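Asker: Build the 3D model from these lines:
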Amino acid sequence: MGRHSLPDERGTAAPDPRPRGRGRAVAIATALVLVIAGSTAAAVRSGLLSFGGSCGDDAVRLDVVAAPAVAPALREAADNAREEEITSDGHCIDVRVSARDSYKVAAELRAGKRDPEYDVWVPDSGTWVRQVGLGSKQTKISPAGNIASSPVGIGMVPSAAEALGWPKKTYDWPTLTSAAMKGDRLRLGAADPARSATGLLALATLGASAKKQGGKDGGTRAAALAKALSARTSDSDGQLLDTLSRDGSGTEQGNPRRNQALILSEQAAYAHNASAGEENSLDLFYPKDGSPRLDYPYTLVEDDEMSTDMSRAALRFMTMFSDEEGQRILTEHGFRTDSDRPSGKLVTAAGGRAPQPYAAEATDPPSDKQLQETLGMWTITVQSARLSTVVDASESMRQFVPGRNQSRMEVTKSSLLQALAGFTDEDEIGLWEFATRLDGARDYRVLEPTERLGDRKGGGTHRDEMSDAFSDLQPVPGGATGLYDTTLAAYKEARSTYARGKFNALVILTDGANQDPDSISRGSLISRLENLSDPKQPVPIIAIAVGPDADKDEVQQIAEATGGSGHQVDDPAQIHAVILKAIMQAGSNQG
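Answerer: Take a look at the predicted model:
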């Protein structure tokens, strides 16, 4: 890599210890953790704790599960702790590190189904920590700080990079991605955003930049880029590197599945180049609109059940990565320990070179909302969706929304029309309404069958029909909420018309609890839904309780019986965002 030259700018500052979690409970827990961490670190520096002497038989065992990329660095630090007999409160720390994909651990913790067999979790990104918080029964986790970082860029084989003007020419995300996907001469690969923080952060940044540039057409452009990118998507970051061209030039005419360019982290490029040799190395583009960063949060798992010795040992291990030796280990594995002053030597080894803006961080890192919308868009755009929508048309939907001069039904219709605009012509959408006794003894009626939006219908399309049907929804005078019978009937229909290769779901919107005295009971409904659901052909219910009178616990119980999720919104205008969030969560669970 001698042809890449940058001045050595090795940083010496400690990684940012600020918590990345969201929510009041996590914030409070994190604050308590940081107080303990600060006290422990201060005691270490002042010599109040003993870090020498023989370990004996009283070492504190600590099990750590980490993202595959960072696990080797943690193992080296753990080995160093044993060799140096580093202690916490006079006890040596015996750290055992295992590697697991972050998305799998996040799904496990979000479900909260069993006691974890690990005390510390180090995913590659705080996005996974925040996804755990989406679960209604999630395992308690407490982010304690971040031990490293690595920006995300686009690595290319030298011939492809040279063709795009590397290193002197710089690009923003949409332009670079478009250039890399133009025709089939330069093939760009990425890891699945539902399973890879690298893929998700890049796609969210790309989408935000495209929308900023394209105005009203920006969302369409972002979806088009996602659709094109999906054709060369790998399940994980590790599998993505296996798709890289092996002949140096990136041609490999006999294997069109080989990629000449990859969306990957700087650390992944560093690790690849360390073993690939000059001919098969990667050059790294850092987009000029800024690189999102993996931030490797050090996260305690069920710390309220840890003994004092174990919690202190966990925090002592974390403080090692702000010491000189710990930072040396991280840097030698390709991680940044100072985001503001990146090591020029590391950047060079990863394939970067001035004037590539390798120190530029994304000015507006993707928010939780943007990440949820990106995953929802990815699921809808890439996999295509089949959604049956069931809307409450009871009398109570006439009530006005506080702070708005509109009824619940009017705001609901507006939000559904907004959601409809985000679906492609390949998606299948249908509409039912329900109250009580709308069709003879039935509490529901089908307004539009669940069909492909692009299908032609007379002088228009099914999308036009759905738009008209949403617009025409009206509360039924005197109608009550016939929730249970409607849900069962709609779920049976959705299961019997399951579409392979699509994201299938049933979306139910209601502003109240069941009011039909002649319907089945809640317990019977939940039991029958559990019997009808099939993990091999999943059709999760996305149930949304609208307004203060709706029962969130009820919709959660109903939805979770099918592997879905229940939500409550005070303002129906939030429905669109909640649907995307729920699609993301359900899609992640199926993954």
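Asker: contacts and neighbour counts: CA atoms only from here.
Answerer: Noted.
Asker: Just confirm Ala545 is within a strand.
Answerer: Yes. Assessed with DSSP: H, G, I helix; E, B strand; the rest coil, Ala545 lies in a strand.
Asker: Is it in contact with Pro572, as I believe?
Answerer: No. Applying CA atoms under 8 Å, one finds Ala545 not in contact with Pro572, separated by 9.3 Å.
Asker: Please save the CA atoms from the host helix or strand of Leu506 in PDB.
Answerer: Secondary structure assigned from DSSP states H and E places Leu506 in strand 503-510. What follows is strand 503-510, C-alpha atoms only, in PDB (Å, rounded to 0.1, in the frame of the first residue of the first chain):
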ATOM      1  CA  PHE A 503     -43.900  -9.000   3.000                       C
ATOM      2  CA  ASN A 504     -47.400 -10.100   4.000                       C
ATOM      3  CA  ALA A 505     -49.200  -8.200   6.900                       C
ATOM      4  CA  LEU A 506     -52.600  -7.200   8.200                       C
ATOM      5  CA  VAL A 507     -52.900  -3.600   9.300                       C
ATOM      6  CA  ILE A 508     -55.700  -2.800  11.700                       C
ATOM      7  CA  LEU A 509     -56.600   0.700  12.900                       C
ATOM      8  CA  THR A 510     -59.100   1.200  15.700                       C
END
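Asker: That one pairs with which strands?
Answerer: strand 385-392 (parallel), strand 541-546 (parallel) (DSSP bridges).
Asker: residues of it that come out buried?
Answerer: Phe503, Asn504, Ala505, Leu506, Val507, Ile508, Leu509, Thr510 (16 or more other CA atoms under 10 Å).
Asker: ranges for the helices of the stretch 251-400 of the chain?
Answerer: Shown for the stretch 251-400 of the chain, the helices assigned by DSSP state H, counting those that start in this stretch span residues 266-276, 308-319, 324-332, 344-350, 368-378.
Asker: And for the stretch 101-250 of the chain?
Answerer: Using DSSP H, counting those that start in this stretch, helices in the stretch 101-250 of the chain cover 102-111, 126-132, 158-163, 173-180, 197-214, 218-230, 237-242.
Asker: Ok, the stretch 451-591 of the chain next?
Answerer: 462-472, 483-496, 522-532, 552-560, 575-590.
Asker: Quick one: list the elements packing against the first one.
Answerer: Contact here means 3 or more CA pairs under 8 Å, 6 or more residues apart in numbering; DSSP states H and E; on that basis helix 462-472 packs against helix 408-421, strand 428-439, strand 442-452.
Asker: chain center to the last one, what's the gap?
Answerer: Right, strand 442-452. 32 Å (CA atoms, centre = their mean, to the nearest Å).
Asker: what is the orientation angle of that strand with strand 385-392?
Answerer: Inter-element angle recorded for strand 442-452 and strand 385-392: 150 degrees (by axes from the mean of the first three to the mean of the last three CA atoms, to 10 degrees).
Asker: Tell me which residues of strand 442-452 come out buried.
Answerer: Asp443, Tyr444, Arg445, Leu447, Glu448, Thr450, Glu451, Arg452.
Asker: Roughly how far does the residue nearest to the last one when sequence neighbours are not counted sit from Pro449?
Answerer: Looking back up the chat, that one is Arg452. Computed as CA to CA, 6 or more residues apart in numbering, the closest residue to Arg452 that is not its neighbour in sequence is Glu428, at 4.1 Å. Computed as CA to CA, to the nearest Å, the Glu428 to Pro449 distance reads 9 Å.
Asker: Can you pull the domain assignment for this protein?
Answerer: Per automatic domain parsing, the domain ranges recorded for the chain read 24-149+295-352, 151-293, 384-590.
Asker: Next, format those as JSON lines and append distance to Gly376 and mean pLDDT.
Answerer: JSON lines is the format used below for those (distance: least, CA to CA, whole Å; pLDDT from 0 to 100):
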{"stretch": "domain 24-149+295-352", "distance to Gly376": "13", "mean pLDDT": "84"}
{"stretch": "domain 151-293", "distance to Gly376": "10", "mean pLDDT": "84"}
{"stretch": "domain 384-590", "distance to Gly376": "5", "mean pLDDT": "91"}
